[in-house]
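Participant: A structural model of the following input is requested.
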Amino acid sequence: MRTYCIYGILIYLAAINVAAFFLYGIDKWKAQRNKWRITEARLLRIAVAGGSIGALLGMKIWHHKTKHNRFRFGLPAILILQLAAILAALYCYYFVN
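Facilitator: I've put the predicted structure just below:
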């Protein structure tokens, strides 16, 4: 039972990070063409929902939102908080009854 839960979480994290990566690319593409944009709130929400690695990679690869402090400092902060939560969960999983 526990193994299925871990696999489900890993699949979710992989999917949301791929989605975040491509959302940043799509928004960059739209920005270059003066099209209707993806909101900054939505881009940050997908990072908070678990896509912080994909968001950071998208930001670096697509060179998008690199000058906005909210993204330059916010995304790494979100990633650090998520890593701390994962480490706490792993600690509880392996060392606490």
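Participant: could you use CA atoms for every contact and neighbour count after this?
Facilitator: Will do.
Participant: which ones are touching D27?
Facilitator: R37, I38 (CA atoms under 8 Å, 6 or more residues apart in numbering).
Participant: three-state assignment of it?
Facilitator: Classification of D27 using DSSP: H, G, I helix; E, B strand; the rest coil returns helix.
Participant: and T3, how many neighbours?
Facilitator: T3 is flanked by 8 other residues according to other CA atoms under 10 Å.
Participant: what's the helix or strand for it?
Facilitator: Per DSSP states H and E, T3 falls inside helix 2-32.
Participant: what residues are up against S52?
Facilitator: N17, A20, I46, L75, P76, I78, L79.
Participant: closest one of those residues to A55?
Facilitator: A20 (5.1 Å; CA to CA).
Participant: in the helix holding T3, which residues are buried?
Facilitator: 13-14, 16-25, 27-28 (16 or more other CA atoms under 10 Å).
Participant: which among the contacts of S52 count as buried?
Facilitator: N17, A20, I46, L75, P76, I78, L79.
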